[in-house]
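Asks: Based on what follows, work out the 3D shape:
(2 chains)
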There are 2 protein chains.
Amino acid sequence: MPLVVAPPPDGPYVRIIPLGGCGEIGRNMTIIETRDDLVVVDCGLMFPDESMLGVDIVINDFTYLRERRDKFRALLVTHGHEDHIGGIPYLLREFDVPVAGTPLSLALIRAKARDHKFNDKAFVIVNPGERVRYGGIETEFVHINHSVAGACALAITTELGTLFHTGDFKFDQTPLDGKPADFAAIAGIGDEGVLCMLSDSTNAERSGHTPSERVVGEAFANIFAHAPGRIIVTSFASNVPRIQQIVDTALRFERRIALLGRSLMNVVQHATALGYLNLPPERVIRLEQLDAFPPSEIVVITTGSQGEPMSALSRLAVRDHPRMKIVAGDTVVISATPIPGNEKSVGKTINNLYRLGATVIHGTARGTAHVSGHASQEELLLMLNLVRPKYFVPIHGEYRMLVTHAGLAQKTGVAPENCFVIENGDVVEFTPAGAEKIGKTYAGNVMVDGSGVGDVGEAVLRDRKHLSADGIMLVVVTVDAEESRVVAGPDLISRGVFYLPEADQVTRDLERRVADILGGCSAEGIRDVNTVKEHIRQGLSKAVYERTRRRPIVVPVVMEV
Amino acid sequence: MPLVVAPPPDGPYVRIIPLGGCGEIGRNMTIIETRDDLVVVDCGLMFPDESMLGVDIVINDFTYLRERRDKFRALLVTHGHEDHIGGIPYLLREFDVPVAGTPLSLALIRAKARDHKFNDKAFVIVNPGERVRYGGIETEFVHINHSVAGACALAITTELGTLFHTGDFKFDQTPLDGKPADFAAIAGIGDEGVLCMLSDSTNAERSGHTPSERVVGEAFANIFAHAPGRIIVTSFASNVPRIQQIVDTALRFERRIALLGRSLMNVVQHATALGYLNLPPERVIRLEQLDAFPPSEIVVITTGSQGEPMSALSRLAVRDHPRMKIVAGDTVVISATPIPGNEKSVGKTINNLYRLGATVIHGTARGTAHVSGHASQEELLLMLNLVRPKYFVPIHGEYRMLVTHAGLAQKTGVAPENCFVIENGDVVEFTPAGAEKIGKTYAGNVMVDGSGVGDVGEAVLRDRKHLSADGIMLVVVTVDAEESRVVAGPDLISRGVFYLPEADQVTRDLERRVADILGGCSAEGIRDVNTVKEHIRQGLSKAVYERTRRRPIVVPVVMEV
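Replies: Residues are numbered from 1 along each chain as shown, chains lettered A, B, ... in the order given. Got it, this is the predicted structure:
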């Protein structure tokens, strides 16, 4: 690990360090550090990829923060999505810092992490347009549009100038709540001069403009007008504007609303309490009441838009939900696109729903039943032109998206040498003399498995990978150490290699092979247990490979009595 | 397994049984059976999904054929893609039947399965427009367009009427070779009357028309005109028309051509020999000569369009290819779309290529650099109107595609009750009285792992899954059976659970726990080894879960001396 170089000996400086979210989608977290103060923007989680076997979630490496504990002043939260808040419980275990965010963001942090205990005094409510100051760093929260309510960009002002962090955003000119992004504030901040902008790159490869959330309502109206029976709609639980549209369309078509899925109930409860969601209680029915109304008067809103195996929709699709059954005539609307990697599980859910006789509306078959929450190229260009930063750091995206976004910045006049395409752990340092990428710090994956944080590393994953592909074969033998004589075994035990009853001929053959190896060792006068084990390992591996072309992990156990 | 019912006592009948490819994408294989004869159309493989840990490929269950070995007359091959030919080596191990197909299809079967020995006399060359007769079943091969040359539909005539099997197809009105589908033949067959059509459902959900292969050439010209340095293009090795377009564009822009990847070399060799591909040898250079020409005069055609970890392109992307390096200025063109499930690995390859300074063209950024080989809705409707079948069986697709395709058939006038949406193993039987789904036969996954065919089943996969998520923990103890006394151990060995050096405190704690359990057994007078093992298993599982919230497989081994 190349270590980051020391700060300049004197004068002000600002460092930007993404710990997560640069060069990947997920676990967004950015450090902003000056000589005396340090704040962190967001602290998200990432879901494990297919190589991280058995891992529950992935969070960031907090080493850099641990080494600067004394000046770590606050965590600033842009919005309440898991890839921005999911790591917070782990951060707060170690650091006693305030968490500043909008009311819904803070409510979602609490709702997502009910198993964790929080110090309630740590939560600092900031409404859009308000400012907070931590040490020498002042931050203004600026209203923008995104697929969750209460999302903000942050104007973070340091001694050296202002850093503008867009958070996740889009420019919705016709948002449901009538509140487009706070153009006046953004333009004003730009007018005062912005040292560096950090901007959302998720859709940097997408040309044009992301459609307004409002167009989804038109698709819903079209779908609701034609669905003969019950309608089941799934989306991300945190997408409060989307839930509002489903509710509004249900009211318009005089359907009653049932809710399915724990995370959805949670979000609905908080969003309603905070005034982000308007759901008339008299139109809500319990799942138990579904049969009391005609199918054409029912809408069920559910979780499971990503085909997650334990989600309500996936369980409905395999008739494994205790409280509801899909029947012929149901219309299921998937108001979301699969996150890369989830395409197959979503496809499987759709097929299973069809098998039960449901009609499934997904993709753009009946209009736009889903829009992205992230800005496309025209909006990214608009943001660049509003803010007119001197330096530019694309964040929140895979490497190719960051490169493309940097290209857009250059088209708006940012000097190519002022665009920093950086990845997790890279350190960009600003001084009065300019800006430079000065090094790299710890920013690896910290894997959470069960109650363990970080105790599953590469070696354990290698073993799990090997075990998953070819299984494990153990051979146990007890020897009399003094007489160098086998007194029990060899016994062969396998898991995941092949179907192998103990009485099987293969087992007997392989046990005989091990006995031969032991005999050979004995004849050659080999006494050292580790050498004997190595002979068994090699001999048995070879024998298994010859028979099956498989390479299980072979573990020899020699017990001495 | 519900068994298929007996055939009717007298009179002619025809059965259609898809063993694979119905309700899934892959391992296409359909049985056509009459009272005296049986032919099989295609015999493909499927790549394992993420639940089939360690499995190499998946083939079909041949049980139904084994039980009717005497009347199994021939295998008819529509085209040379792996999902249609990959299972043939396994079929030919068991059945000595002729394999009839076009020259390139047969060449690809041989090329793909070089490790297998074939009886060359089994291969029967059939050119489009020709017929073959096996027993009472006569089959005409009909030229259609697809993303591999030499693809055919099959008109299979039985005593009861003609079955029209489309194979994989599209209608390309401007194909590169100037040979659109044989409309006259198809319309003629339709005119004579078709009992049942089986048709490709891959793109049944896609509206409109699949673009002509020719539009890809326009995108290539656009890309070649602007690329400053070397161009690296990847596509499916078997897509000979695509390779031809890359070659043609290279010639037009005066670039030399290098080939990378074993399967590509194979296909190019066979396709050139058979006249499907025109590649002037004087324009081909070896990889070793790359540095002898200016970058702007080079095109490299390579495998790896799906991000397969061991493919040439993936290795180039991580600078792990021994014979070529990607450098800044290179333009990589991905002329393919990811097969569902491969999105993440393709994305990873693209990001890595960007990290090396290459520009990557994928998707539709610079025009249509890839078109599908499968018919969209308008083409499917055209095929239905040309053939005008009495009965319709959608094949080659996931369930939702089959349902959608059946809906299209009904729009052209096929009676709803004459559309059979069936899945693998379903048996549809035609008699002079009509058609009926009469039962189901064996059609499960046969998993090939190493040299073993079918010896990896659900139990082994369950173990591998469990091992992959939480690892395995073994505890070995040697006891003196007569004195019921521990003489060695307990020793704890783990793989894939957590990082656990042997001297670790956790290990010692857990070993002590096992010793306590053994003490408890002894005190209670428990002598039975299996009971002792069960006590160890439960006690140790509990102890590990309490500490880590993980549930490894726990294997107690008690050696008696």
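Asks: quick one: low-confidence parts of chain A?
Replies: Where chain A drops to pLDDT under 70, the residues are A:1-3, A:113-115, A:364-366, A:483, A:500-503.
Asks: Mind naming the longest strand for it?
Replies: For chain A, the strand with the greatest residue count under DSSP state E is strand A:485-495.
Asks: quick one: contacts of it?
Replies: The contact list for strand A:485-495 (C-beta atoms under 8 Å, 6 or more residues apart in numbering or on different chains) reads A:471-480, A:500, A:507, A:510-511, A:514-515, A:518, A:522, A:536, A:552, A:559, A:561, B:463, B:467, B:472, B:478, B:553, B:555, B:557, B:559-561. (Each C-beta comes from the backbone N, C-alpha and C, glycine too.)
Asks: Check the gap between A:Ala375 and chain B for me.
Replies: 18 Å (C-beta to the nearest C-beta, to the nearest Å).
Asks: cool, and A:Val421?
Replies: In terms of C-beta to the nearest C-beta, A:Val421 sits 9 Å off from chain B.
Asks: The helix or strand following the longest strand of chain A and chain B in contact?
Replies: Sequence-wise, the next helix or strand downstream of strand A:485-495 (DSSP states H and E) is helix A:505-523. No - Helix A:505-523 lies apart from chain B when judged by C-beta under 8 Å from any C-beta of the partner chain; the minimum separation is 9.7 Å.
Asks: From the chain's centroid, how far away is helix A:505-523?
Replies: 50 Å (C-alpha atoms, centre = their mean, to the nearest Å).
Asks: and if you look at stretch A:455-468?
Replies: Offset of stretch A:455-468 from its chain centre (C-alpha atoms, centre = their mean): 21 Å.
Asks: cool, and stretch A:363-372?
Replies: 23 Å.
Asks: Between the two ends of it, what distance do you get?
Replies: 12 Å (C-alpha to C-alpha, to the nearest Å).
Asks: which residues are contacting that stretch?
Replies: With contacts defined as C-beta under 8 Å, 6+ apart, stretch A:363-372 is touched by A:147, A:170, A:202-203, A:206, A:210-213, A:215-216, A:218-220, A:222-223, A:235, A:333-337, A:361-362, B:205.
Asks: Please repeat the previous calculation with a cut-off of 7 Å.
Replies: Residues from elsewhere that reach stretch A:363-372 (C-beta atoms under 7 Å, 6 or more residues apart in numbering or on different chains): A:203, A:210-211, A:213, A:215-216, A:218-220, A:222-223, A:333, A:335-337, A:361.
Asks: Can I have the buried ones of the contacts of strand A:485-495 as a PyMOL selection?
Replies: Selection of the buried residues among the contacts of strand A:485-495 in PyMOL, burial being defined by 16 or more other C-beta atoms under 10 Å in any protein chain shown:
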select buried, (chain A and resi 471+472+473+474+475+476+477+478+479+500+507+510+511+514+518+536+552+559+561) or (chain B and resi 463+467+472+478+553+555+557+559+560+561)
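Asks: still on that earlier bit, so which bits of the longest strand of chain A are buried?
Replies: A:486-495.
Asks: Serialize these to TSV and add fields for distance to B:Gln289.
Replies: Compiled in TSV, the buried residues of strand A:485-495 are given as follows (distance: C-beta to C-beta, whole Å):
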residue	distance to B:Gln289
A:Val486	61
A:Val487	66
A:Ala488	64
A:Gly489	60
A:Pro490	56
A:Asp491	59
A:Leu492	54
A:Ile493	55
A:Ser494	50
A:Arg495	51
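Asks: what kind of secondary structure is the residue in the stretch 101-250 of chain A positioned nearest to chain B in?
Replies: Using C-beta to the nearest C-beta, A:Glu205 is the residue of the stretch 101-250 of chain A that sits closest to chain B, at 7.5 Å. Put simply, A:Glu205 is coil when judged by DSSP: H, G, I helix; E, B strand; the rest coil.
Asks: What strand or helix carries the residue nearest to it when sequence neighbours are not counted?
Replies: Excluding the flanking residues, the one nearest A:Glu205 by C-beta to C-beta, 6 or more residues apart in numbering or on different chains is A:Thr404, at 5.3 Å. In the assignment (DSSP H and E), A:Thr404 maps to helix A:399-411.
Asks: which residues in the stretch 251-400 of chain A form strands?
Replies: For the stretch 251-400 of chain A, the strands defined by DSSP state E, counting those that start in this stretch occupy A:256-260, A:298-302, A:331-334, A:359-361, A:391-395.
Asks: do you know how far A:Ile243 is from B:Val460?
Replies: A:Ile243 is 44 Å from B:Val460, where distance means C-beta to C-beta, to the nearest Å.
Asks: Contact residues of the stretch 451-561 of chain A facing chain B?
Replies: A:451-452, A:455-457, A:459-460, A:463-464, A:467-472, A:474, A:476, A:478, A:487-489, A:491, A:493, A:495-496, A:498-499, A:548-550, A:553, A:555, A:557, A:559-561 (C-beta under 7 Å from any C-beta of the partner chain).
Asks: Just the ones of those residues in strands?
Replies: Those of these lying in strands (DSSP E): A:452, A:472, A:474, A:476, A:478, A:487-489, A:491, A:493, A:495, A:553, A:555, A:557, A:559-560.
Asks: Farthest pair within these?
Replies: Spatial extent of these (C-beta to C-beta) is set by the pair A:Gly452 and A:Val487 at 38.5 Å.
Asks: Just want the residue of the stretch 301-450 of chain A that's nearest chain B.
Replies: A:Gly450 (3.0 Å).
Asks: which residues touch that residue?
Replies: B:548-550.
Asks: Same list (the residues you listed) but as CSV, adding neighbour count and distance to chain A.
Replies: As requested, the contacts of A:Gly450 are exported to CSV (neighbours: other C-beta atoms under 10 Å in any protein chain shown; distance: C-beta to the nearest C-beta, whole Å):
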residue, neighbour count, distance to chain A
B:Thr548, 19, 5
B:Arg549, 13, 3
B:Arg550, 22, 4
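Asks: Okay, and which of the residues you listed map to helices?
Replies: Counted as lying in helices by DSSP state H, out of those, are B:Thr548.
Asks: Can you report how many residues neighbour A:Gly413?
Replies: When neighbours are defined as other C-beta atoms under 10 Å in any protein chain shown, A:Gly413 has 9 of them.
Asks: That one falls within a strand, correct?
Replies: No - with three-state DSSP as the criterion, A:Gly413 is located in coil rather than a strand.
Asks: Apart from its neighbours in sequence, what residue is nearest it?
Replies: Of all residues not flanking A:Gly413 in the chain, A:Arg388 sits nearest, at 7.7 Å (C-beta to C-beta, 6+ apart).
Asks: hang on, isn't the one you found packed against A:Gly190?
Replies: Yes - judged on C-beta atoms under 7 Å, A:Arg388 makes contact with A:Gly190 at a distance of 5.0 Å.
Asks: ok, now which ones touch A:Glu436?
Replies: A:Glu436 makes contacts with A:Glu429, as judged by C-beta under 7 Å, 6+ apart.
Asks: Any buried residues in the helix or strand that contains A:Ile186, and which?
Replies: In the assignment (DSSP H and E), A:Ile186 maps to helix A:183-192. When neighbours are counted by 16+ other C-beta under 10 Å, the buried residues of helix A:183-192 are found to be A:185-186, A:189-190.
Asks: now for the helix or strand following it, which elements pack on it?
Replies: Scanning forward in sequence from helix A:183-192, with DSSP H and E defining helices and strands, the next element found is strand A:196-200. Counting contacts by 3 or more C-beta pairs under 7 Å, 6 or more residues apart in numbering or on different chains; DSSP states H and E, strand A:196-200 packs against strand A:161-165, helix A:377-387, strand A:391-395.
Asks: Pull up the gap between the residue nearest to A:Thr431 when sequence neighbours are not counted and A:Arg73, please.
Replies: Spatial nearest neighbour of A:Thr431, excluding adjacent residues (C-beta to C-beta, 6+ apart): A:Tyr13 at 5.0 Å. With distances taken as C-beta to C-beta, A:Tyr13 is found 16 Å from A:Arg73.
Asks: same check, this time on A:Gln306
Replies: 36 Å.
Asks: now A:Leu382
Replies: Counting by C-beta to C-beta, the gap from A:Leu382 to A:Arg73 is 32 Å.
Asks: Thanks a lot, catch you later.
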